[in-house]
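Novice: this one's sequence-less:
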């Protein structure tokens, strides 16, 4: 008795083995793709956190700079009532230069320079 189904089974087994091999290759590619996708997502999250931190740092710097400029304006009387007026500041500066010039000239009278 001859078994006529045996060559067909071998072909089916060959096809089945090829399909299994291709399926394993496909699973491997899917795992690789999933790993790449996860890496891209993780990198994007890290960059997002870095940008958030940078934005927070700049915001903090802006707030600090704003407060410092407000205090400087109050100290020099450039911001509204209650402070020294701008003209008074200018007069103080001009007066200071005048006093320094007079002291410099008086120094020549009090301590004459020795020369040839």
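Specialist: Thanks, I have the structure now. No experiment lies behind these values; they were computed from the predicted model shown.

Novice: okay, CA-based contacts and neighbour counts for the rest of this
Specialist: Fine.

Novice: and the longest helix seen in the chain, what does it pack against?
Specialist: Across the chain, the longest stretch assigned as helix under DSSP state H is helix 6-75. In terms of contacts (3 or more CA pairs under 8 Å, 6 or more residues apart in numbering; DSSP states H and E), helix 6-75 is not packed against any helix or strand.

Novice: following element in sequence after that helix, please.
Specialist: Next in sequence after helix 6-75, counting helices and strands by DSSP states H and E, comes helix 86-110.

Novice: quick check: mean pLDDT of that next one?
Specialist: Along helix 86-110, the predicted confidence averages to a pLDDT of 85.

Novice: show me how far that helix is from its chain's centre.
Specialist: Here helix 86-110 shows a centroid-to-chain-centroid distance of 47 Å under the convention CA atoms, centre = their mean, to the nearest Å.

Novice: from here on, count from 557
Specialist: With the count now opening at 557, the last piece we talked about shows up as helix 642-666.

Novice: so what's the residue most central in space within the chain up against?
Specialist: Per CA atoms, centre = their mean, the C-alpha nearest to the average position across the chain is that of residue 610, at 3.2 Å. Contacts for residue 610 were tallied using CA atoms under 8 Å, 6 or more residues apart in numbering; there are none.

Novice: how near is it to residue 617?
Specialist: As for residue 610, its distance to residue 617 is 10 Å (criterion: CA to CA, to the nearest Å).

Novice: got it, and residue 632?
Specialist: Distance, residue 632 to residue 617, by CA to CA: 22 Å.

Novice: tell me the pLDDT of residue 586.
Specialist: For residue 586, the model assigns a pLDDT of 96.

Novice: that one: neighbour count?
Specialist: Each residue near residue 586 was counted by other CA atoms under 10 Å, and the total is 12.

Novice: next: residue 626.
Specialist: Using other CA under 10 Å, residue 626 has 13 other residues around it.

Novice: how much space between it and residue 612?
Specialist: On the measure of CA to CA, residue 626 and residue 612 end up 21 Å apart.
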